[in-house]
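got a predicted structure here, sequence first:
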Amino acid sequence: MRTPIGGAWLYGIVMVFIVLFSAYLAVSINYSKVFRIKNGIINIIEQNEGLEGVSAAQDMVEAFLNQNGHFVTGRCGQESTNAYKGQPYLVNATGKARYCAYKRITPTSKPEVPIYTYYATVFFRVDLPIFGNMFTLPVSGETKEIYFAQ
């Protein structure tokens with residue numbers, strides 16, 4: 001009688017490990033996709049030397065997000081209370097956006113040569129099939145220093 005119960009427990013343990021491993025693999029693949037998207041947005045900002053006043057750069061970012069199928073939204077604004085001042089770009093009326101970008105001026109010894117750094121945030125949603133949408137995490141990064149940003 002001990003063999004059938006032991007076999008059922010063994011199958012249960014194996015199934016739990018398979019589910020945990022599959023969930024870990026799915027989350028890590030999606031997380032790496034969001035890092036690639038964040039790096040792509042930062043590259044677009046650096047190539048266009050900023051976002052402000054450059055509608056082509058914002059259109060390029062939107063096209064990049066659509067091309068990669070990234071439609072997760074999140075709330076912007078946590079960074080604006082820290083060292084990054086200013087309003088985030090591309091925020092709709094509900095306060096949610098597909099990405100957030102903040103411009104920060106870096107203090108220098110020469111005030112006539114402004115140096116800017118952009119801070120970009122993309123959102124990652126942990127959405128498991130059985131549990132549903134569990135939570136949304138921000139993935140952030142900075143550009144290199146940009147001189148005379150637009």
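Thanks, I have it. Note that the structure is predicted; figures quoted are calculated from it, not measured. Residues are numbered from 1 along each chain as shown.

what does the pLDDT read for residue 33?
pLDDT for residue 33: 90.

same check, this time on residue 14
The score at residue 14 is 91. That number is its pLDDT.

residue 95 too?
pLDDT, residue 95: 66.

ditto for residue 65
pLDDT, read off for residue 65, is 87.

with residue 55 instead?
At residue 55, pLDDT is 65.

ok, the most centrally placed residue in the chain to residue 71 distance?
The chain has residue 122 as the residue nearest its centroid, 2.2 Å off, counting by C-alpha atoms, centre = their mean. Between residue 122 and residue 71 the computed distance is 11 Å (C-beta to C-beta, to the nearest Å). All C-beta spots, glycine's among them, are computed from the backbone N, C-alpha and C.

shared neighbours of the two, anything?
Both residue 122 and residue 71 are contacted by residue 98, under the criterion C-beta atoms under 8 Å, 6 or more residues apart in numbering.

hang on, the earlier thing: would you confirm that the residue nearest to the centre of the chain contacts residue 36?
No: between residue 122 and residue 36 there is no contact under C-beta atoms under 8 Å: 9.7 Å.

residues contacting the nearest residue to residue 68 once chain neighbours are set aside?
Nearest non-adjacent residue to residue 68, counting by C-beta to C-beta, 6 or more residues apart in numbering: residue 37, 5.6 Å away. Shown in contact with residue 37 (C-beta under 8 Å, 6+ apart): 64-65, 68, 70, 122.

next helix or strand past the longest helix anywhere in the chain?
If you go by DSSP state H, the chain has its longest helix at helix 2-47. Once the chain leaves helix 2-47, the next helix or strand it forms, by DSSP states H and E, is helix 55-67.

so which bits of that next one are buried?
57-58, 60-61, 64-65 (16 or more other C-beta atoms under 10 Å).

adding distance to residue 100, write those out as a markdown table.
Converted to a markdown table, the buried residues of helix 55-67 look like this (distance: C-beta to C-beta, whole Å):
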| residue | distance to residue 100 |
| --- | --- |
| 57 | 15 |
| 58 | 12 |
| 60 | 16 |
| 61 | 11 |
| 64 | 15 |
| 65 | 12 |
